[in-house]
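Enquirer: Curious how this folds, go ahead:
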Amino acid sequence: MNPPDEAALLDALRAIVDPEIGLNIVDLGLVYSAEVDNGIARVKMTLTTRGCPMHDSLVQGARAVLLEVPGVTEADVEVVWDPPWHPSMITEAGRAAVGLA
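Expert: Numbering: from 1, shown residues only. Have a look, this model is predicted:
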(Lines give C-alpha, C1' and ligand atoms only; values in the text may rest on other atoms or scores of the structure.)
Protein backbone atom coordinates (compact mmCIF):
# COMPACT_ATOMS: atom_id res chain seq x y z
CA MET A 1 0.00 0.00 0.00
CA ASN A 2 1.26 3.47 -0.88
CA PRO A 3 1.31 6.04 1.91
CA PRO A 4 -1.53 8.55 1.78
CA ASP A 5 -0.81 11.82 0.04
CA GLU A 6 -1.96 15.37 0.70
CA ALA A 7 -5.04 14.90 -1.49
CA ALA A 8 -6.19 11.92 0.59
CA LEU A 9 -5.80 13.91 3.80
CA LEU A 10 -7.65 16.91 2.40
CA ASP A 11 -10.46 14.68 1.15
CA ALA A 12 -10.83 13.26 4.67
CA LEU A 13 -10.75 16.73 6.24
CA ARG A 14 -13.61 17.86 4.00
CA ALA A 15 -15.87 15.83 6.31
CA ILE A 16 -15.31 18.42 9.05
CA VAL A 17 -17.76 21.28 8.69
CA ASP A 18 -17.60 24.58 10.53
CA PRO A 19 -21.14 24.65 11.98
CA GLU A 20 -21.35 28.43 12.11
CA ILE A 21 -20.55 28.89 8.42
CA GLY A 22 -21.76 25.54 7.10
CA LEU A 23 -18.66 24.88 5.01
CA ASN A 24 -15.93 22.24 5.35
CA ILE A 25 -12.61 23.34 6.84
CA VAL A 26 -10.67 22.72 3.60
CA ASP A 27 -12.86 24.85 1.35
CA LEU A 28 -13.17 27.42 4.12
CA GLY A 29 -9.40 27.86 3.83
CA LEU A 30 -8.60 26.79 7.37
CA VAL A 31 -6.14 24.02 6.44
CA TYR A 32 -2.67 25.40 5.70
CA SER A 33 -0.75 22.14 5.24
CA ALA A 34 -1.31 18.38 5.34
CA GLU A 35 1.36 15.70 5.03
CA VAL A 36 2.18 12.17 6.14
CA ASP A 37 5.55 10.93 7.33
CA ASN A 38 5.97 7.33 8.52
CA GLY A 39 2.25 7.00 9.15
CA ILE A 40 1.97 10.26 11.08
CA ALA A 41 -0.42 12.78 9.53
CA ARG A 42 0.60 16.33 10.34
CA VAL A 43 -1.86 19.11 9.70
CA LYS A 44 -1.49 22.82 10.32
CA MET A 45 -4.77 24.67 10.39
CA THR A 46 -6.31 27.78 11.79
CA LEU A 47 -9.75 28.89 12.89
CA THR A 48 -11.84 31.83 11.77
CA THR A 49 -11.27 33.58 15.13
CA ARG A 50 -9.04 32.99 18.16
CA GLY A 51 -12.08 32.71 20.40
CA CYS A 52 -13.87 30.19 18.19
CA PRO A 53 -16.20 28.21 20.46
CA MET A 54 -15.80 25.17 18.20
CA HIS A 55 -12.00 25.02 18.60
CA ASP A 56 -11.84 21.67 20.42
CA SER A 57 -14.59 20.08 18.36
CA LEU A 58 -13.00 21.00 15.02
CA VAL A 59 -9.53 19.83 16.08
CA GLN A 60 -10.83 16.56 17.54
CA GLY A 61 -12.93 15.97 14.43
CA ALA A 62 -9.91 16.57 12.20
CA ARG A 63 -7.84 14.07 14.20
CA ALA A 64 -10.61 11.49 14.04
CA VAL A 65 -11.06 11.64 10.25
CA LEU A 66 -7.31 11.60 9.65
CA LEU A 67 -7.01 8.39 11.65
CA GLU A 68 -9.54 6.80 9.30
CA VAL A 69 -7.29 7.35 6.27
CA PRO A 70 -5.59 4.06 5.31
CA GLY A 71 -1.91 4.27 6.21
CA VAL A 72 -2.31 6.88 8.94
CA THR A 73 -1.42 5.60 12.40
CA GLU A 74 -1.19 8.92 14.26
CA ALA A 75 -2.63 12.37 13.68
CA ASP A 76 -1.06 15.61 14.83
CA VAL A 77 -3.29 18.64 14.29
CA GLU A 78 -1.68 21.98 15.15
CA VAL A 79 -3.70 25.18 15.30
CA VAL A 80 -1.68 28.18 14.14
CA TRP A 81 -2.61 31.85 13.95
CA ASP A 82 -0.17 33.06 11.33
CA PRO A 83 -1.26 33.89 8.76
CA PRO A 84 -4.57 34.95 10.23
CA TRP A 85 -7.62 33.59 8.43
CA HIS A 86 -9.50 35.94 6.12
CA PRO A 87 -12.60 35.29 3.96
CA SER A 88 -10.43 35.63 0.84
CA MET A 89 -8.95 32.21 1.77
CA ILE A 90 -12.22 30.44 0.91
CA THR A 91 -11.79 28.31 -2.21
CA GLU A 92 -13.86 28.87 -5.35
CA ALA A 93 -15.83 25.70 -4.55
CA GLY A 94 -16.43 27.03 -1.06
CA ARG A 95 -17.61 30.39 -2.34
CA ALA A 96 -20.05 28.67 -4.67
CA ALA A 97 -21.33 26.45 -1.85
CA VAL A 98 -22.15 29.41 0.39
CA GLY A 99 -23.43 31.63 -2.41
CA LEU A 100 -20.45 34.00 -2.68
CA ALA A 101 -19.43 33.04 -6.23
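Enquirer: Excluding residues flanking it in the chain, which one is nearest Tyr72?
Expert: In this structure residue 72 is Val, not Tyr. Ala41 (4.7 Å; C-beta to C-beta, 6 or more residues apart in numbering). For the C-beta atoms, the positions are set from N, CA and C on the backbone; glycine is no exception.
Enquirer: and that neighbour, which of the three is it?
Expert: strand (DSSP: H, G, I helix; E, B strand; the rest coil).
Enquirer: surely it meets Leu9?
Expert: Yes: counting by C-beta atoms under 8 Å, Ala41 touches Leu9, with 5.8 Å between them.
Enquirer: Find residues that contact each of the two.
Expert: 34-35, 66, 69, 72 (C-beta atoms under 8 Å, 6 or more residues apart in numbering).
Enquirer: Of those - the most surrounded one?
Expert: Leu66 (25 neighbours; other C-beta atoms under 10 Å).
Enquirer: For the protein, just list every one of the helices.
Expert: Remark: helices assigned in the chain by DSSP state H are 6-13, 55-67, 92-97.
Enquirer: Let me see the contact set for the residue nearest to Ile25 when sequence neighbours are not counted.
Expert: Nearest residue to Ile25 in three dimensions, chain neighbours excluded: Ile16, at 4.9 Å (C-beta to C-beta, 6+ apart). Shown in contact with Ile16 (C-beta under 8 Å, 6+ apart): 24-25, 58, 61-62, 65.
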